[in-house]
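Peer 1: Here's my sequence, what's the structure:
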Amino acid sequence: MSSQKEREFTGSDYNEIKQVYSIWICMNMEKNSLSHIHMVKDDLVEEQDWKGNLDILNIVMIGLAKEIPPKEEQYELHRLLGTLLSQTMTAEQKLKLMKQEYDIPVDRHGIRDEVKIMCNLSEGVEEMGYVKGEAAGIVKGEIIGEARGKSEIILKMHKKGYSLEQIMDVTDMSKAEIKAIIG
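Peer 2: Okay, the predicted model is just below:
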């Protein structure tokens, strides 16, 4: 809302503030849900009639269950978001569903590339989990062996286009150590 100052309203003319929606997507919920949270006026000390629009602040919370919901109208948004954010579906599976169920032109202006980047991002997040788990000695309840060491993960991240700084941040290794592994 503060970014509207001097753009949508000037000085103290707060009556010109536009409605703001903050959308939160919460993953791995027990069930799919959709909630609209907004302000309600409660007079605690004396009643005051405030000028302007009191419903300017809105939060929309979208809860996505672990499994993609069935193809039903009430779950249409959840199905699309669940597909896009899925860590188990391949880019091609996501693109096929987007085209078939939502008539999204997947061959238009880089959408195919963007979906592939999203898939690689989720793989990168998983790899970061392996690195952090490796530091603790555990991933998915198993002891990490040297065979799945940091060097393998560093090479994978480098191959997928992660910057040297990103790899340094995830692995807590120095630039020289990483460069020695990358070659």
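
Peer 1: Assign Met98 to helix, strand or coil.
Peer 2: Under DSSP: H, G, I helix; E, B strand; the rest coil, Met98 falls in the helix class.

Peer 1: need the contact list for it.
Peer 2: 80, 83-84, 104, 106, 111, 115 (C-beta atoms under 8 Å, 6 or more residues apart in numbering). Where C-beta positions appear, they are placed from N, C-alpha and C, glycine not excepted.

Peer 1: again, 10 Å this time
Peer 2: By C-beta atoms under 10 Å, 6 or more residues apart in numbering, the contact set of Met98 is 80, 83-84, 104-106, 111-112, 115.

Peer 1: Now that we have those, which of them are buried?
Peer 2: Applying 16 or more other C-beta atoms under 10 Å to the contacts of Met98, the neighbour count classes 80, 83-84, 106, 112, 115 as buried.

Peer 1: tell me the pLDDT at the most far-flung residue of the chain relative to its centre?
Peer 2: Residue farthest from the centre of the chain, counting by C-alpha atoms, centre = their mean, is Glu46 at 42.9 Å. Note on Glu46: pLDDT of 91.

Peer 1: Show me what counts as buried in the helix or strand containing Asp169.
Peer 2: Using DSSP states H and E, Asp169 sits in helix 164-171. Across helix 164-171, burial judged by 16+ other C-beta under 10 Å covers 167-168, 170-171.

Peer 1: now stretch 72-84
Peer 2: Those would be 75, 78-84, for stretch 72-84 by 16+ other C-beta under 10 Å.

Peer 1: Poorly predicted segments of the protein, please.
Peer 2: For the chain, the stretches with pLDDT under 70 are 1, 14-15, 51-52, 108-109, 117-149.

Peer 1: what comes up buried for stretch 47-67?
Peer 2: Neighbour-count burial for stretch 47-67, counted by 16+ other C-beta under 10 Å, picks out 56, 62-65.

Peer 1: From these, pick the one nearest Met89.
Peer 2: Leu64 (13.3 Å; C-beta to C-beta).

Peer 1: what residues are up against that closest one?
Peer 2: By C-beta under 10 Å, 6+ apart, Leu64 lies in contact with 25-29, 31-33, 77-79, 81-82, 85-86.

Peer 1: Confirm that Cys26 sits in a strand.
Peer 2: Yes: counting by three-state DSSP, Cys26 falls inside a strand.
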